[in-house]
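Enquirer: Build me a model:
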Amino acid sequence: MAQPEGKGGSIFEINKNSYRLRQLTNGTYNYVTGNAKNDGWMESEFVKGLNLPNLVEIRTSEKNYDLLLNNNYLMSFNEPEYTSGNIGFVIGPASKGKADFLYLFTISKEKNNSTNEAG
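Expert: Numbers count the residues shown, from 1 in each chain. Next comes the predicted model:
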């Protein structure tokens with residue numbers, strides 16, 4: 001989720017056989033995965049090779065997020081500060097990538113509007 005004016009966001013990236021999650025806070029990136037020595041990158045057998053499609057799923061509820069890659073669970077994280085935001089794709093200038101589709105599903109919370117009237 002990205003916050004207005006670049007104030008914050010969660011960025012999930014895939015590169016060759018690795019992935020990383022970074023948190024943008026007031027223009028500064030912090031690694032959620034890995035460390036500064038490996039620039040946050042985590043090797044994973046779930047990342048498909050170059051020119052092969054990867055299915056990325058982000059499931060969220062109550063400010064908790066689950067990341068899945070190609071139907072395999074990678075990790076969970078939470079972000080208690082964000083109340084709303086945007087979602088999108090970024091493909092950098094030196095990157096090769098494309099997005100074939102984006103599905104966005106929501107679960108509506110039904111309100112119990114029934115009334116009990118005495119006659």
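Enquirer: which residues of this protein score low on pLDDT?
Expert: 1-2, 4-6, 109-119 (pLDDT under 70).
Enquirer: Which residues are in contact with the residue sitting nearest the centre point of it?
Expert: Centroid-nearest residue in the chain, with Cα atoms, centre = their mean: Ile58, separated by 5.0 Å. Contacts here follow Cβ atoms under 8 Å, 6 or more residues apart in numbering; on that basis Ile58 touches 12, 65-68, 87. Every residue, glycine included, has its C-beta placed from N, CA and C.
Enquirer: out of these, which is most surrounded?
Expert: Counting neighbours by other Cβ atoms under 10 Å, Leu67 comes out on top of the contacts of Ile58 with 20 neighbours.
Enquirer: element containing it?
Expert: With secondary structure defined by DSSP states H and E, Leu67 is part of strand 64-69.
Enquirer: which residue ranges form the strands in this protein?
Expert: Listed in chain order, the strands of the chain (DSSP state E) span 8-15, 18-25, 28-31, 42-43, 56-61, 64-69, 72-78.
Enquirer: Tell me which of those sits nearest to Thr106.
Expert: Thr106 lies closest to strand 56-61 among those, at 10.0 Å (Cβ to Cβ).
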